[in-house]
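J.: I would like to see how this sequence folds:
(one chain, ligands or ions: 1)
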Amino acid sequence: MAIRNVLKYPEKSLSQPSVKVDVIDDGIKELVKDMGDTMFHDVGVGLAAPQIGINKRILVYDSHAMDPEYEEEHREITALINPEIIAGYGSFISEDEGCLSVADYRADVKRYERVTVKALNIDGKQMEFDADGILSVIMQHEIDHLDGILFIDRISSLKRAMYKKKRMKELKNQK
Ligand code: NI
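T.: Predicted structure coming up:
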């Protein structure tokens, strides 16, 4: 078990597009395990590799995060390799969205209501599935990370500017 450090805005790897994974080797499997440990440690429902400084197209999520009777001991990780949104339907406001890489801030984000995702699983098997509800939001949020996009890039420029100002002040005070 290895918990990695989750990078926070404005770390560079968070704004860089990630590259596709060619071969799912032991190194990738180890990385996926660490991502899962890190996600649970930091209490998130999803985590993308660039958040721990690795610009590869890998995400993990908690497959039980959408259970109404969620129990922590039943948590289970699902990894997706090279995931893509191939179709999006409808739109809704994802309320109070947050991110482990955007400290102490939440905002409403406009998202697709439902998406079709294409990806490889950890065994390299090609899959395609539809996601709605919280899973749809997780997919859009995490796949955005793989393109160097944070949820604060999808809010009004005024709100974003306010967040950036607050964050810069915070960083300055840390020094
Ligand atoms: Ni995030």
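J.: Surely residue 65 forms part of a helix?
T.: No: assigned with DSSP: H, G, I helix; E, B strand; the rest coil, residue 65 falls outside any helix and is coil.
J.: Distance of residue 140 relative to residue 30?
T.: 27 Å (Cβ to Cβ, to the nearest Å). Glycine gets a C-beta too; all of them are placed from N, C-alpha and C.
J.: Show me which of the two is the more surrounded one.
T.: residue 140 (22 against 11; other Cβ atoms under 10 Å).
J.: so what's the closest residue to the more buried one other than its chain neighbours up against?
T.: Ranked by Cβ to Cβ, 6 or more residues apart in numbering and with sequence neighbours excluded, the top spatial neighbour of residue 140 is residue 111, at 5.2 Å. Each residue near residue 111 by Cβ atoms under 8 Å, 6 or more residues apart in numbering is listed here: 91, 92, 93, 94, 136, 137, 140.
J.: which residues in this protein form helices?
T.: For the chain, the helices defined by DSSP state H cover 26-41, 133-146, 157-174.
J.: Geometric centre of the chain: which residue is closest?
T.: residue 142 (2.9 Å; Cα atoms, centre = their mean).
J.: Mind naming the longest strand for this protein?
T.: Longest strand in the chain, counting residues (DSSP state E): strand 77-89.
J.: could you give me the average pLDDT of that strand?
T.: The predicted model assigns strand 77-89 a mean pLDDT of 97.
J.: helices and strands around that strand, which ones?
T.: On a contact count with 3 or more Cβ pairs under 8 Å, 6 or more residues apart in numbering; DSSP states H and E, strand 77-89 meets helix 26-41, strand 58-62, strand 114-120, helix 133-146.
J.: Starting from that strand, tell me which strands it pairs with and how they run.
T.: Within its sheet, strand 77-89 is paired with strand 58-62 (antiparallel), strand 114-120 (antiparallel), according to DSSP bridges.
J.: Can you give me the neighbour number for residue 128?
T.: Neighbours of residue 128 using other Cβ under 10 Å come to 11.
J.: The one 4 residues further on too?
T.: Counted with other Cβ under 10 Å, residues neighbouring residue 132 total 16.
J.: can you tell me how far it sits from residue 88?
T.: Counting by Cβ to Cβ, the gap from residue 132 to residue 88 is 11 Å.
J.: likewise residue 24?
T.: In terms of Cβ to Cβ, residue 24 sits 27 Å off from residue 88.
J.: For the two, indicate the residue with more neighbours.
T.: The residue with more neighbours, out of residue 24 and residue 88, is residue 24; 19 against 15, by other Cβ under 10 Å.
J.: any idea of the pLDDT on the more buried one?
T.: pLDDT at residue 24 comes out at 98.
J.: how about it, what does it touch?
T.: Counted by Cβ under 8 Å, 6+ apart, residue 24 has contacts 81, 120, 122, 123, 124.
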